[in-house]
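Engineer: Fold the following for me, if possible:
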Amino acid sequence: MLMRESPLVSVIINCYNGERYLHEAIDSVLKQTYQNWEIIFWDNHSTDNSASIVKGYRNERIKYFNAEVFTGLGKARNLAVKKASGEWLAFLDCDDIWHADKLFLQVDKIKNSKSDLGLVYGECDFIVEDSAANTVLGESALRVKNAKANVEAKLLVGDIFTELLIDCFITLPSAIVNKDKYQLVGGIDDSLLVCEDYDLFLKLAKDYKVEAINAVCCFYRIHDGNLSHNNYKRTFDESIYLIRRYSSLLPAANKALAIWDVRYFIHNVRHADYKIALTKIFSLSFFNHLIIFVFNKLKIIH
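Structural biologist: Down below sits the predicted model:
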């Protein structure tokens, strides 16, 4: 594959005190079989050895930026994207790892697709550290469940917006995004704390086609640093908030809203948050939502 025939991919690595896993993440980019990439490394005011680790690589394709002030992750990602020169954006957090052929397989899809392609994603495997192994269902655990289910069948492609409303089955390290379309949909909503990637995928899937590689292309690491009880609640709150944005426009969003509502109820029962669970039960819409949830599980309605 000749460089001049292939698009430049900007690899966005946002970092805040990520020294523990940073070598593994960067090395997984260096080992890519597709080599027309640059790394935009956005250091969000780290106080550990992250900066010295990155600068130690002495590779001109690794471009280091130190943020003027600390920001939330969504804003940090948008700021990093502004420094990108590539036609396509790929996001890799400091604790995640890519398989060597990830970019090669995704660029191959890009080269053989039409101009309305906004996103290419793949399957994701997981590294679960012992201390996080028994954590309750939250953002990362939801994605573990959904992604492992996808191994059973081919990943969804084309117009996947309706299915994506029901489940966020795409993980950020598995995705590659067209930069122009990223900007056209407004980039990442930096008001979101945990579902900024879900918001981005929904916006892209609504307006553009999606492709997939039916191969595991990355490892998503689950550990105490990215799992907390507060994030679980925030994940449900933000997911429901995002879907409500589309509920006045699309009937499918109302179905998705019902399914997320029941998931939230189940989550609260599992974790003995009975006050919220009882509030759900006594809402006028809950039993209608429960019927929709059960029928969806049985694949009776679409």
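Engineer: Which of the three states applies to residue 193?
Structural biologist: Assigned with DSSP: H, G, I helix; E, B strand; the rest coil, residue 193 falls in the coil class.
Engineer: Surely it is in contact with residue 199?
Structural biologist: No - Residue 193 is beyond contact range of residue 199, at 11.2 Å (criterion: Cβ atoms under 8 Å). To be clear about C-beta, it is placed using only N, CA and C from the backbone, and glycine gets the same treatment.
Engineer: So the two - more neighbours on which side?
Structural biologist: residue 199 (23 against 15; other Cβ atoms under 10 Å).
Engineer: you'd agree the more buried one is up against residue 189?
Structural biologist: Yes - look at residue 199 against residue 189 with Cβ under 8 Å: they come within range, at 4.9 Å.
Engineer: mind listing the helices for the stretch 51-200 of the chain?
Structural biologist: Taking DSSP state H, counting those that start in this stretch, the helices of the stretch 51-200 of the chain run over residues 73-82, 102-111, 139-150, 161-166, 179-184, 196-207.
Engineer: So which bits of the fifth one are buried?
Structural biologist: Read it as helix 179-184. Across helix 179-184, burial judged by 16 or more other Cβ atoms under 10 Å covers 179, 181-182.
Engineer: how much space between the residue nearest to residue 234 when sequence neighbours are not counted and residue 74?
Structural biologist: Leaving aside its sequence neighbours, residue 234 sits nearest to residue 194 (Cβ to Cβ, 6 or more residues apart in numbering; 5.0 Å). Using Cβ to Cβ, to the nearest Å, one gets 10 Å for the distance from residue 194 to residue 74.
Engineer: Over to residue 12?
Structural biologist: Per Cβ to Cβ, residue 12 is found 12 Å from residue 74.
Engineer: can you check residue 258 too?
Structural biologist: Relative to residue 74, residue 258 is positioned 27 Å away (Cβ to Cβ).
Engineer: again with residue 52
Structural biologist: From residue 52 to residue 74 the distance is 27 Å (Cβ to Cβ).
Engineer: of the two, who's got more company?
Structural biologist: residue 74 (22 against 10).
Engineer: so what's the residue nearest the centre of the chain up against?
Structural biologist: Residue closest to the average C-alpha location in the chain (Cα atoms, centre = their mean): residue 172, at 2.8 Å. Applying Cβ atoms under 8 Å, 6 or more residues apart in numbering, we find residue 172 in contact with 91, 93, 197.
Engineer: 7 Å instead?
Structural biologist: Counting by Cβ atoms under 7 Å, 6 or more residues apart in numbering, residue 172 makes contact with 91, 197.
Engineer: if I look at it, how far off is residue 46?
Structural biologist: Counting by Cβ to Cβ, the gap from residue 172 to residue 46 is 20 Å.
Engineer: can you check residue 231 too?
Structural biologist: Distance of residue 231 to residue 46, computed by Cβ to Cβ: 21 Å.
Engineer: Those two - which one has more neighbours?
Structural biologist: The residue with more neighbours, out of residue 231 and residue 46, is residue 46; 21 against 17, by other Cβ under 10 Å.
Engineer: Much appreciated, bye for now.
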